[in-house]
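> below are the sequence and a predicted model; questions follow.
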Amino acid sequence: MRSSYIVTTMGKAIKMQMEGYEVVEKIAEKGGNSARIYVPKKWTGKKVRAILIEE
């Protein structure tokens with residue numbers, strides 16, 4: 001399975017509106033050469049969004 005991602009950097013904070021079923025807000029932690037957040041196991045295989053909410 002090949003994975004890809006898109007990162008869009010904005011010069012300032014933008015307002016977003018989304019619909020969803022659950023939300024998890026966490027601090028990203030160091031994980032090897034990247035940062036990661038853990039989400040509930042029941043989210044495995046589901047499409048999720050992670051949004052940076054502070055500069």
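Yep, that arrived.

> which SS class is residue 42?
At residue 42 the chain is in helix, as set by DSSP: H, G, I helix; E, B strand; the rest coil.

> any idea how many residues pack against it?
The tally of other residues near residue 42 (other CB atoms under 10 Å) stands at 8. For glycine as for every other residue, the C-beta is placed from the backbone atoms N, C-alpha and C.

> what do you get for residue 39?
14.

> OK, contacts around residue 22?
When contacts are counted by CB atoms under 8 Å, 6 or more residues apart in numbering, residue 22 touches 40, 43.

> and it, how far is that from residue 43?
Residue 22 sits 8 Å away from residue 43, taking CB to CB, to the nearest Å as the criterion.

> tell me the pLDDT of residue 3.
At residue 3, the model reports a pLDDT of 63.

> just say helix, strand or coil for the residue lying closest to residue 37 once chain neighbours are set aside.
Nearest non-adjacent residue to residue 37, counting by CB to CB, 6 or more residues apart in numbering: residue 26, 4.7 Å away. Assigned by three-state DSSP, the conformation of residue 26 is coil.

> phi, psi of residue 26?
Backbone torsions for residue 26, taken as degrees, to the nearest 10, come to phi -140, psi 170.

> for the protein, which residue occupies the most central location?
For the chain, the residue sitting closest to the mean C-alpha position, by CA atoms, centre = their mean, is residue 50 at 1.4 Å.

> so who does that one touch?
Residues in contact with residue 50 (CB under 8 Å, 6+ apart) are residue 37.

> circling back: and the gap between the residue nearest to residue 37 and residue 12?
Distance, residue 26 to residue 12, using CB to CB: 24 Å.

> fine, thanks again, bye for now.
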